[in-house]
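A.B. asks: Below is the structure, and that's it, no one-letter string:
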C-alpha cells in the first residue's frame, strides 16, 4: 500500500460496489421490459439479443463497480493489476458464453425463417458455438499474458495428426455440411434411400442424420453414407405431389359412365379428406385392354407424402361402394384350365368374369 487504509476509502469502495449492483439491477429491469416489447415483434432475433444482454450487461455493471472499488482503495499496482485482470477474465468469460448463445440463436433463427436452409439442423449451430468459444478462450489467454502463437502452431501440427486419426468422423462432418449447403436434404423432408430406409429427416448434426419412419422409429444414418447413396426426396422441389391409383372395369362397362362416376367420387374425396388438394385437377386415363378388364389410372393430388395413404384408403372404399351402386363391375382375372389324361394343356381359353376364379374341366 502507498498509504494507510482509511474509513473514507472503505466508504468510497462500498459506494462504488453498491452503485455497480444497483446499476446491474436497474439494467436488468430495463432489459426485461425491452424483452416484453421484443416478444411482440415478428422477428425472433431481437428476443435472442435482448435475452443475451440481460446476462452480459448486469455482469458488466457489477464488474465495473468492483473495478471502481478496487481503484479507490490504496493498494499496490500488482494487486490492482491482478484485480483488473481477474475482472477482465470474468467479463470475457461471461461475454463469450453469451455471444456463443446469441450467435447460435441467430443462426437457428435465420435457418428456420428461410426456405431451403437447414431448419433445425444442429450442425451449423454447433459449429458456430464451438468457433465462438474457441475465440473467447484465445482472448482469455491473451489477456492473461500467455502468447497464443506457439499454441496455434501446436494446434496446427496436432490438428494434422487428429485429422488422420479421425478420417471417418471428419468425412461425416464435411458430408453433413455439403448436404446442407447443397440444399438437397433439409430437416422435415421425406426421403427414401436406395438401401430401403425412408422417413422424415429429424435432424442433421456433425456426424449423422436422424430419420423418423412412419412407424415413429428412428433410423440413424452416417452423413458420409447419406451423401453416397441414391436418394429420392419427396418434399423437394415441392411438398405437394401426385399419386396414381390403378383401377379396372369389365369390358361390358360404359366407359363414359365409368369416367363420370369416378370423377364424382374424386371430387367428393378431394373436398372431404384432410390432406387432399381440391384445387388440383384430377385426371382419369384409360390405358390397357387387359385379359379380363379395361385398366385405367386415376391421378390425385395430395399435400405431402404421408397423406397419400389416407386418401387412397378413402378413395378405394368410396369408389368400390359407388361402383356397386351403379352396377359397374370390377372383374377378377379368370382362366379355364383344360386337363387331359397324361398331360396338362397350357391355359388357353378366357371365360366370363362371372365364372369362378378357376374352373377345372376334365376329359
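C.D. replies: That came through fine. Everything quoted here is computed from the prediction, not taken from an experiment.

A.B. asks: Share the number of residues neighbouring residue 292, please.
C.D. replies: The number of residues packed near residue 292 is 17, by other C-beta atoms under 10 Å. Glycine gets a C-beta too; all of them are placed from N, C-alpha and C.

A.B. asks: Ok, the one 5 residues further on next?
C.D. replies: When counting by other C-beta under 10 Å, one arrives at 14 neighbours for residue 297.

A.B. asks: For it, give its distance to residue 59.
C.D. replies: In this view, residue 297 and residue 59 are 67 Å apart by C-beta to C-beta, to the nearest Å.

A.B. asks: cool, and residue 141?
C.D. replies: 20 Å.

A.B. asks: before we move on, what about residue 251?
C.D. replies: The value you get for residue 251 to residue 59, if C-beta to C-beta is used, is 84 Å.

A.B. asks: the more surrounded of the two?
C.D. replies: Set residue 251 next to residue 59 and count neighbours by other C-beta under 10 Å: residue 59 wins out with 16 against 13.

A.B. asks: From what I see, that one and residue 91 are in contact.
C.D. replies: Yes - assessed by C-beta atoms under 8 Å, residue 59 is found in contact with residue 91 at 6.6 Å.

A.B. asks: Can you spell out the domain ranges of this protein, please?
C.D. replies: 7-165, 179-233, 241-326, 333-363 (automatic domain parsing).

A.B. asks: Pipe the ones you listed into a markdown table and attach mean pLDDT and distance to residue 172 per row.
C.D. replies: Output for the domains of the chain, formatted as a markdown table (pLDDT from 0 to 100; distance: least, C-beta to C-beta, whole Å):
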| stretch | mean pLDDT | distance to residue 172 |
| --- | --- | --- |
| domain 7-165 | 72 | 10 |
| domain 179-233 | 86 | 4 |
| domain 241-326 | 91 | 26 |
| domain 333-363 | 52 | 50 |
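
A.B. asks: Including distance to residue 173, could the ones you listed go into a markdown table?
C.D. replies: Compiled in a markdown table, the domains of the chain are given as follows (distance: least, C-beta to C-beta, whole Å):
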| stretch | distance to residue 173 |
| --- | --- |
| domain 7-165 | 8 |
| domain 179-233 | 5 |
| domain 241-326 | 29 |
| domain 333-363 | 55 |
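
A.B. asks: Spell out the residue ranges of the strands in the chain.
C.D. replies: Secondary structure of the chain (DSSP state E): strands at 190-193, 198-204, 208-212, 218-222, 231-233, 241-249, 283-289, 294-302, 335-340, 343-344, 358-362.

A.B. asks: right, so of those strands, which gets closest to residue 30?
C.D. replies: Judged by C-beta to C-beta, the one of the strands of the chain that comes nearest to residue 30 is strand 198-204, at 36.8 Å.

A.B. asks: Pull the distance from the closest one to the chain's centre.
C.D. replies: How far strand 198-204 lies from its chain's middle: 7 Å, per C-alpha atoms, centre = their mean, to the nearest Å.

A.B. asks: mind checking which of the domains of the chain is nearest residue 171?
C.D. replies: For the domains of the chain, the distance to residue 171 is smallest for domain 179-233, at 4.7 Å, taking C-beta to C-beta.

A.B. asks: Check the offset of the closest one from the chain's centre.
C.D. replies: 10 Å.

A.B. asks: what's the span of it from first residue to last?
C.D. replies: 13 Å (C-alpha to C-alpha, to the nearest Å).

A.B. asks: can you check stretch 63-81 too?
C.D. replies: 14 Å.

A.B. asks: Of all the residues in that stretch, which ones are buried?
C.D. replies: By 16 or more other C-beta atoms under 10 Å, the buried positions in stretch 63-81 come out as 63, 64, 65, 66, 67, 68, 69, 70, 72, 73, 75.

A.B. asks: for stretch 261-268, same thing?
C.D. replies: So for stretch 261-268, counting by 16+ other C-beta under 10 Å, buried means 261, 262, 265, 266.

A.B. asks: Same question for stretch 139-152.
C.D. replies: For stretch 139-152, by 16+ other C-beta under 10 Å, it's 139, 140.

A.B. asks: Give me the contacts around it.
C.D. replies: 85, 88, 89, 92, 93, 96, 138 (C-beta atoms under 8 Å, 6 or more residues apart in numbering).

A.B. asks: now the residue lying closest to residue 290 once chain neighbours are set aside, which residues is it bridged with?
C.D. replies: Distances taken as C-beta to C-beta, 6 or more residues apart in numbering put residue 248 closest to residue 290, at 6.3 Å, once the chain neighbours are dropped. Going by DSSP bridges, residue 248 is paired in beta bridges with residue 295.

A.B. asks: I'd guessed residue 248 sits against residue 291; true?
C.D. replies: No - between residue 248 and residue 291 there is no contact under C-beta under 8 Å: 10.1 Å.

A.B. asks: more crowded one of the two?
C.D. replies: residue 248 (18 against 10).
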